[in-house]
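**Q** the sequence isn't on hand, but the structure is:
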C-alpha cells in the first residue's frame, strides 16, 4: 500500500513537471511579441527592449524556465500582460467565484444524479430508469453555452425566478455590503450573518451552477447506474435479497459502497470538466471567475495569465486524480490491508 | 406438506421467442424432511428454487403456470411483494460460492446484525449478541472476533458457515441449499454437510439440497428428485432411487461417479446431446411451448425408440413399485 | 448478427433507432444543403441588412440573423462544416491512437513502456484545457482547433487498443492459434483486429459527440472557426448577445449541435450493446 502511494505520487510529480514544461513552451512560442504588447502600442524600440528585460525574455529558454519555475514555487506566476497585475493576484481574485460555482454545481449533480442512477438500476426499464437515462443523454449532449441560454430564457426571461447574470445585484452590494474575508460570497455573508446578501448571491449563483451541473449529472447517472446494475447482479447482493433484506437498503447501503470507485472516478472527471466548463459558462453569465479570466487572456494572447491558470488547473486536476486513486484504494479493505 | 409444487412452468422471453425453462410435474417437501434435487447444469434444478421465491435474475424469466403452495398458502397468484415477504423469514437460501456471496467491503458482524434487525425488532446491542450466538451455532471459533473480520480474511469453509448463519437469521421453515459444498475443498465439504444435517434436525427445518453430486445426496437427504431439461425424470426415497435407478439418465449419473469398487473399469461419461437438430428427419415438431413432444432425454438416450420421440412419458411406478420414474421402457431396460 | 435479430433489436430499442434516424437526417440535410437551402447565397457572404432579426416564419424557418441572413440556410451549410470537421477529427485521432496502441501492444518492451508513459502524461491534462492552449498557441482558426482536438484525443484510443491487445494476446483462442503455428499477420487479421475493433468503434461513436461539442465550444470562445464561416458553434456565439431579444438567433444553430450529440450518444449505446455485449450498460 505504501509503495503504491509512493509510486502514485511520483508519477503525479512527473506529470506536473511535464505539464509545466509544455505550458511554458507553448507560451514561449506564441508568435506575437509579448514584450511589444506589454510596453504598449506607442512604445519605442528602447522601451520594448526594457520590457523584454523586465519580463526576462532576453535570457535563453532553459534559464527562463528555471526562473519561471523558481517563481512558481514562491507563488509568483509572473505579471499579466493585459491587466499588469501579478497573475497570482488575479487568480486569487477570480478563483473563489469559480470554486463557488464548481462546488455548488458538483453538489447539485451528485445530489440529483446518485438517487436517479441507483433507482434506475434497482428497477431497470421502469419509468424512472427511462427518464434518468434520457435525461442523462440529453444533458451530457447539451452544449453548455446553449443550455445557459435556455435556462436564462426560461428562469429569468419567462418565469422571472432568477437573475440573469452577474455575481450579486448592485442593490445588495450597496445596501448590505459584506466584508471580503475568503472571497466566497456565500461563506463571507454567512459568517457575517448577512442573510439578505447571502440570498442575493445564492440566487445569482443558481443559474450558472445549474448549467454547470448538467454534464456531471449525466455522467453521474450513467456511471452510478452501470456500476449499480453490475453490483446488484453479484452473488452477495442476490443473497441478501434471497434472505429478505429490502432492495432499497441493499442498493443504497451494501451495493452503493461497491460503486464508490466508479463514483469517485466520475467525480474527478466531472471536476475536470467543470474547471474547463467555466471557460464557456462564465462568459455566458458574466461571472467574474477564472474561466472568464482565461478566455479573455486567450483572446489577447496574455501568456503569463494563460500559463499560470493552465498550470494551476492542471495541478488541481492531477492532484484530484491522485486523491481519487488513493481513495479508491482506501475504500476496499483488501487493498487497504495489503 | 410444507411445500407442494404442481405443473410449475417457468418461461423465458427472448429475441427468438418464448421457451420453457422449467416444466415441473410435481415436487414436494414435507415438514422436517430433507429433499435432494439432482441434475446437470441447465437441468432446471436452480430454476426450481428461484421459482419458489421468485428470485429470477431478469424480468424476462417469469412464472407462467402451475401451483406452488407453501405452508398452506398458494404462492403462484401472489403479487411479488407478498412473495418477497417470505424470503429469509420462511425460506432461507445458501448459495454455491462463498467467495462471491459475501459483500467484500462489509465486516461479517455488520451484515449479520443488519439482517437480524431486518427480521427482528431489536437494538444494535441485542443484534450483535444474536450474531455471536448464530456464529457459535455454525461452529465458528471465536465468534466475537469473527464479527470484526472482512470476508477476505476467512477461509472458504468459514465463509460458507457465515452464509449458513445468515440463512438461519429468520428461523426459516425451509432451507434451500444450492450446491452448498461444490466450491469447497473436499476435506471441508464433510464438515459443512454434517453441520447442515445437524442444524436441519435441531431446528426442525425442511431442507432442499440442490446439487449435481449423487454422492452428496446419498448421505444428506430422505427423498430425491432427478431433473433433466427442466423436468422431473425420477423421484422416490433416496435409498431406493440410488440402489435401483429406473430412468436411463439416473443410471448414467450414477455410473459416472468414480468409486473404489469400480476401480480398473472405465468411467462412463454422459454422451453429449446429439442434439435435436442433429436428426432433422426424425425430429418431431416441437409443441407450441417450444419443447419437443416426447421424452426430454430421447436425444441422448441409448434406449430411445420411436415412441420416446413422440409421446411424453408420465412418471409411473417402477416395476418393483419402489418409486416413480418417467420412462416408456422401464420394464425392458429394468435392473 | 442476423438481419432479423437487428430488426428485433431496433424494434425493442426505440431510442437507439431514434438516434440513428436523427443522425441520418442531419447528415442528409447537410449533404443536400445546396438543394434544400432556400437562400444558398446567404451562406456565401450575401448580406441583407434590411431583413435583419426577422423572427421565424414561413419565409425564414429559423428567422434571420443580424446581417439579415436566413438562419435555416446558414445552419444547413454549417452542418457540412461541423459534421465533416468532427468526422476528420475522430478518424484521425482513432487512426493515430490505434496505430500507436498497436505498436505498443504488439511490440511490447521498452517501446511499449515509453509510449504508454507518454500517453499517461497527455491524458493527465484536462481535455479542453489542452485543446484551448494548443488552439491559442497556433492562433484561432478552424483547422487549428481541429488539430488541437486531435492532439488531445488520440491517447484514449491508444490506451483502449493496447489494453485490448494485451488482453487478447493471452486469450485462449489466440494462444491456441499461436501454438498451432499461425503467422503473426494472420493472427492479427483473424483474431486481434476484429475483436479489438468493436470497443473502438463504440468509443469513437460516443466521442464523436464530445468532439462536436468541444469544437463548438472552441468556436464559441473565438478559438475555432472564424467569420464568415457558418460553423454551428460560431453562429451560436454570434447570436449570444441577442439571446434575450432574438432567441432564435442562438437557439437554431444550437439545436443541431444538441441533436448531433444526442443522436451519437444513443447510437453509441446501441452499437455497444450490439458489438460489445460484455460492456452492456457501462460507460467511461
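**A** Yep, that arrived. None of the values given here were measured: they were computed from a predicted structure.
**Q** C-alpha from now on. contacts and neighbour counts both.
**A** OK.
**Q** number of residues surrounding residue 42?
**A** Answering for chain A, as no chain was given. 10 (other C-alpha atoms under 10 Å in any protein chain shown).
**Q** actually, chain C is the one I wanted.
**A** Using other C-alpha under 10 Å, residue C:42 has 21 other residues around it.
**Q** okay, it: pLDDT?
**A** Looking at residue C:42, its pLDDT is 82.
**Q** please, which helix or strand holds residue B:23?
**A** strand B:17-29 (DSSP states H and E).
**Q** what helices or strands is that strand leaning on?
**A** Judged by 3 or more C-alpha pairs under 8 Å, 6 or more residues apart in numbering or on different chains; DSSP states H and E, strand B:17-29 is in contact with strand B:3-14, helix B:45-53, strand B:206-211, strand B:231-237.
**Q** and the contacts of the following helix or strand past it?
**A** Using DSSP H and E, the next helix or strand after strand B:17-29 towards the C-terminus is strand B:34-38. Outside strand B:34-38, the residues that touch it by C-alpha atoms under 8 Å, 6 or more residues apart in numbering or on different chains are B:29, B:45, B:206-214, B:217, B:220-227.
**Q** swap the cut-off to 7 Å and go again
**A** With contact meaning C-alpha atoms under 7 Å, 6 or more residues apart in numbering or on different chains, strand B:34-38 is reached by B:29, B:45, B:206-212, B:217, B:221-227.
**Q** what ranges in the stretch 201-335 of chain B fall below the confidence cut-off?
**A** B:258-292, B:334-335 (pLDDT under 70).
**Q** so which of the helices and strands packed on strand B:17-29 is nearest residue B:162?
**A** strand B:206-211 (17.7 Å; C-alpha to C-alpha).
**Q** near chain A at all, that closest one?
**A** No. With C-alpha under 7 Å from any C-alpha of the partner chain as the criterion, chain A is not reached by strand B:206-211; the gap is at least 14.7 Å.
**Q** need the contact list for residue C:211.
**A** Applying C-alpha under 7 Å, 6+ apart to residue C:211 gives the contacts residue C:86.
**Q** now do the SS call for it.
**A** Secondary structure assignment for residue C:211 (DSSP: H, G, I helix; E, B strand; the rest coil): helix.
**Q** from chain B, how far out is it?
**A** Noted for residue C:211: a distance of 35 Å to chain B, by C-alpha to the nearest C-alpha, to the nearest Å.
**Q** the longest helix in chain C is where?
**A** helix C:71-107 (DSSP state H).
**Q** buried stuff in the next helix or strand after that helix?
**A** The helix or strand immediately downstream of helix C:71-107 is helix C:109-123, counting by DSSP H and E. Neighbour-count burial for helix C:109-123 flags C:112, C:115-116, C:119-123 (criterion: 16 or more other C-alpha atoms under 10 Å in any protein chain shown).
**Q** do stretch C:243-262 as well
**A** For stretch C:243-262, the neighbour count (16+ other C-alpha under 10 Å) marks C:243-244, C:246-262 as buried.
**Q** measure the residue in the stretch 51-200 of chain A positioned nearest to chain B to residue C:119 for me?
**A** Residue nearest to chain B within the stretch 51-200 of chain A: residue A:124 (9.1 Å; C-alpha to the nearest C-alpha). Distance from residue A:124 to residue C:119, counting by C-alpha to C-alpha, to the nearest Å: 37 Å.
**Q** got a list of what residue B:314 touches?
**A** Counting by C-alpha under 7 Å, 6+ apart, residue B:314 touches residue B:326.
**Q** next one: residue A:175
**A** Per C-alpha under 7 Å, 6+ apart, neighbours of residue A:175: none.
**Q** okay, it: pLDDT?
**A** On the pLDDT scale, residue A:175 gets 78.
**Q** over to whichever residue of the stretch 101-250 of chain C sits closest to chain B. Which of the three states is it?
**A** Closest contact between the stretch 101-250 of chain C and chain B, by C-alpha to the nearest C-alpha, is at residue C:198 (22.0 Å). Three-state call for residue C:198 (three-state DSSP): helix.
**Q** that one: how many residues sit nearby?
**A** Residue C:198 has 16 nearby residues by other C-alpha under 10 Å.
**Q** state the distance from the closest residue to it other than its chain neighbours to chain A.
**A** Leaving aside its chain neighbours, residue C:198 sits nearest to residue C:275 (5.7 Å; criterion: C-alpha to C-alpha, 6 or more residues apart in numbering or on different chains). Applying C-alpha to the nearest C-alpha, the value for residue C:275 to chain A is 18 Å.
**Q** name the single longest helix found in chain B.
**A** Longest helix in chain B, counting by DSSP H: helix B:186-202.
**Q** burial count for residue A:236?
**A** Residue A:236: 24 neighbours (other C-alpha under 10 Å).
**Q** which helix or strand contains it?
**A** With DSSP H and E as the criterion, residue A:236 is inside helix A:235-242.
**Q** would that helix count as contacting chain B?
**A** Yes. Contact of helix A:235-242 with chain B (C-alpha under 7 Å from any C-alpha) involves A:235-236, A:239, A:242.
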